[in-house]
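> This is the structure alone, sequence omitted:
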């Protein structure tokens, strides 16, 4: 049975044969004779019809060309694999990039995490995250972004396509988006990444990013230094200053991986992108190597990063902005800290007196808490800075204070 476009084809109906027993011999013989006589007539008719059609069918049959055998010599040759065109050595620039990757890739880490989260029914469930990192030293310290390992219950590090090694977070600095992982087992062939500097970078330099975007391990992308001295928001009211902007493709999973210069040296830690889609749009940001080299040793030694300050507690920036005030308003002043010893006084909520508002640091205007914190960080701990303060919105004066580590 065959099918039609409208369903199964109906079975052809064939009438059931009916036997007609002869009523007598004559009728039976006559009926048989009549039936047998009709056959020669039908044969003649068919013969005449075929004879008339034969001249018409013969040209059509003769016009059909014979197909070439599938196993002809020409067919066999066409189906054979083609010869490979030889090429010479790689171009010098290609070979340089290949060498750079082969030297740097063993130092790049693929980091996976386990994080306990609460679902919509307030039930605990384990989710997995992934990111990148790189080997800092021969003691098995691996550097990554703080947001890669934040709230992680377990952390695993895979180096150079080897087996994952469990690690332990020994230090984190959310305000700089940096963290240090100590490997539980240090491979014999561990290779720290070469360290460069970021203060000598110039816009237009070629850079390379190696990481694990979307879980695709050891992916190399290239670009240039698009801009310098960008600011990257991290924790409340804080930004990382001196950030490198690049158009090298950085995607989810690249976080914590190295940004390299053309010599294969670390110049930054890939941290964030600006994109409406969440994938690379040619605007990526890397934490500068000079800052990394200052923060990482403190994380290894003490588990925390030094936090520059002058012994003040500021009024929340949104309240200051809502009041139309430019600068840093002081909510509290530590009498024993540098600001207190310099005679700064805070806002008085009872009288409404603004007290001292910081409007400049080392002669550069300070219009918000974010810019003030960035200026302190740039000045560095143990340095002395000059503050310009405006008391009660009227009297301007300058005071010198020492920048201290407020976490000591």
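Looks like it arrived, so ask away. Keep in mind that what you see is a predicted model, and the values were worked out from it rather than measured.

> so what's residue 168 bridging to?
Beta bridges link residue 168 to residue 182, judged by DSSP bridges.

> can I assume it is in contact with residue 157?
No - with contact defined as Cβ atoms under 8 Å, residue 168 does not count as touching residue 157 (10.3 Å). (Each C-beta comes from the backbone N, C-alpha and C, glycine too.)

> Those two: which has the busier surroundings?
residue 157 (23 against 11; other Cβ atoms under 10 Å).

> Contacts only, for that one.
Residue 157 makes contact with 109, 110, 111, 133, 142, 164, 165, 166, 167, 181, 183 under the criterion Cβ atoms under 8 Å, 6 or more residues apart in numbering.

> by contact count, what packs against the strand of greatest length in the chain?
Ordering each strand of the chain by length in residues (DSSP state E) puts strand 219-233 first. Where contact means 3 or more Cβ pairs under 8 Å, 6 or more residues apart in numbering; DSSP states H and E, strand 219-233 is packed against helix 92-104, strand 206-211, strand 239-246, strand 284-288.

> Of the ones you listed, which stretch is the most buried?
strand 284-288 (a mean of 27; mean count of other Cβ atoms under 10 Å).

> Quick check: buried residues in the longest strand of the chain?
Buried residues in strand 219-233, defined by neighbour count with 16 or more other Cβ atoms under 10 Å: 219, 220, 221, 222, 223, 225, 226, 228, 230, 232.

> export the residues you listed to a markdown table and tack on distance to residue 86 and pLDDT?
Formatted as a markdown table, the buried residues of strand 219-233 follow (distance: Cβ to Cβ, whole Å; pLDDT from 0 to 100):
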| residue | distance to residue 86 | pLDDT |
| --- | --- | --- |
| 219 | 29 | 92 |
| 220 | 26 | 94 |
| 221 | 30 | 94 |
| 222 | 27 | 94 |
| 223 | 32 | 95 |
| 225 | 38 | 96 |
| 226 | 39 | 95 |
| 228 | 44 | 94 |
| 230 | 47 | 89 |
| 232 | 49 | 86 |
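
> quick revisit: run through who's touching the longest strand of the chain.
Outside strand 219-233, the residues touching it (Cβ under 8 Å, 6+ apart) are 97, 101, 105, 177, 201-213, 239-250, 254, 271-272, 282-285, 287, 370, 374.

> partners of that strand in the sheet?
Applying DSSP bridges, strand 219-233 is found paired with strand 206-211 (antiparallel), strand 239-246 (antiparallel).

> residues touching residue 201, list them.
225, 228, 244, 261, 267.

> same thing with residue 398?
By Cβ under 8 Å, 6+ apart, residue 398 lies in contact with 386, 387, 388, 389.

> For it, give its distance to residue 330.
16 Å (Cβ to Cβ, to the nearest Å).

> Max pairwise distance over the contacts of residue 201: which two?
Greatest spatial distance among the contacts of residue 201 (Cβ to Cβ): 228 and 261, at 13.3 Å.

> Tell me where the stretch 1-150 of the chain is predicted with low confidence.
In the predicted model of the stretch 1-150 of the chain, residues 1-78, 117-120, 122-125 satisfy pLDDT under 70.

> Apply 80 and report the result again.
Low-confidence segments of the stretch 1-150 of the chain (pLDDT under 80): 1-78, 116-127.

> circling back: out of the buried residues of strand 219-233, flag the one nearest to residue 343.
Among the buried residues of strand 219-233, residue 232 lies closest to residue 343 (Cβ to Cβ), at 34.6 Å.

> Could you tell me the end-to-end distance of stretch 251-259?
13 Å (Cα to Cα, to the nearest Å).

> I'd like the numbering to begin with 40 instead of 1 from here.
Renumbered: residue one is now 40, and that last one reads stretch 290-298.

> any idea of the mean pLDDT in that stretch?
With pLDDT averaged residue by residue, stretch 290-298 scores 91.
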